[in-house]
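>>> Pasting the sequence and the predicted coordinates here, then a few questions.
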Amino acid sequence: MPARPLSDEALHLIAAVRDALAERLGAQVDVDERQLFGCHAFMVDGKLCLGVKGEELLVRLPPQQHDTVAETPGARPLDPRGGMAGYFWLEPAAYATRAQWQHWIDAALAYNPQAKATPRRAKVAGTTRRGKGSPP
């Protein structure tokens, strides 16, 4: 099934994140873009740093700040059950001003060097996922 086209708002937000990362990091830092958690993710030095889903911005912050950030208007945890401390979705109202935008981008980038990279899962040789109705 083909991927859904991204909304204009999502495309603008992706471009804004891309520009902010280029402005702050320059060419010396490795930034990879990929689909993750159903969003357009920005991986900085191999670690999830920021993401975009629709009009929402995903930020990765220090887990020890989770409770404080959770009280911020327009911020909600990625996992409502609390399984991913430090990951937050931000509604547009939470990043609407230049100062708010810079705060979130800078906070995510400041935490990135301390963040742990998730090791890639090794693929098991000879296994494939088969969809419904696929031949054995």
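Ah, there it is. Numbers count the residues shown, from 1 in each chain.

>>> Okay, now the unreliable bits of the protein?
Counting by pLDDT under 70, the chain contains low-confidence ranges at 1-4, 119-136.

>>> how distant is stretch 45-58 from the center of its chain?
Between the centre of stretch 45-58 and the centre of its chain there are 2 Å (C-alpha atoms, centre = their mean, to the nearest Å).

>>> Just the CA trace of that stretch, in PDB.
Extracted in PDB, the C-alpha atoms of stretch 45-58 (Å, rounded to 0.1, in the frame of the first residue of the first chain):
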ATOM      1  CA  ASP A  45      24.700  11.100  15.300                       C
ATOM      2  CA  GLY A  46      22.600   7.900  15.000                       C
ATOM      3  CA  LYS A  47      20.200   8.900  17.800                       C
ATOM      4  CA  LEU A  48      16.600  10.000  17.500                       C
ATOM      5  CA  CYS A  49      16.600  13.800  18.300                       C
ATOM      6  CA  LEU A  50      13.500  15.300  16.600                       C
ATOM      7  CA  GLY A  51      10.500  14.200  14.500                       C
ATOM      8  CA  VAL A  52       7.500  15.500  12.700                       C
ATOM      9  CA  LYS A  53       4.000  14.000  12.400                       C
ATOM     10  CA  GLY A  54       1.400  16.200  10.900                       C
ATOM     11  CA  GLU A  55       1.700  19.500  12.700                       C
ATOM     12  CA  GLU A  56       3.300  17.900  15.800                       C
ATOM     13  CA  LEU A  57       6.900  18.100  16.700                       C
ATOM     14  CA  LEU A  58       8.600  15.100  18.500                       C
END
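
>>> List the buried residues for it?
By neighbour count on 16 or more other C-beta atoms under 10 Å, the buried set for stretch 45-58 is 47-53, 56-58. (Each C-beta comes from the backbone N, C-alpha and C, glycine too.)

>>> I'd like the residues you listed laid out as TSV, including distance to L6.
Formatted as TSV, the buried residues of stretch 45-58 follow (distance: C-beta to C-beta, whole Å):
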residue	distance to L6
K47	23
L48	19
C49	20
L50	16
G51	13
V52	9
K53	10
E56	13
L57	14
L58	15
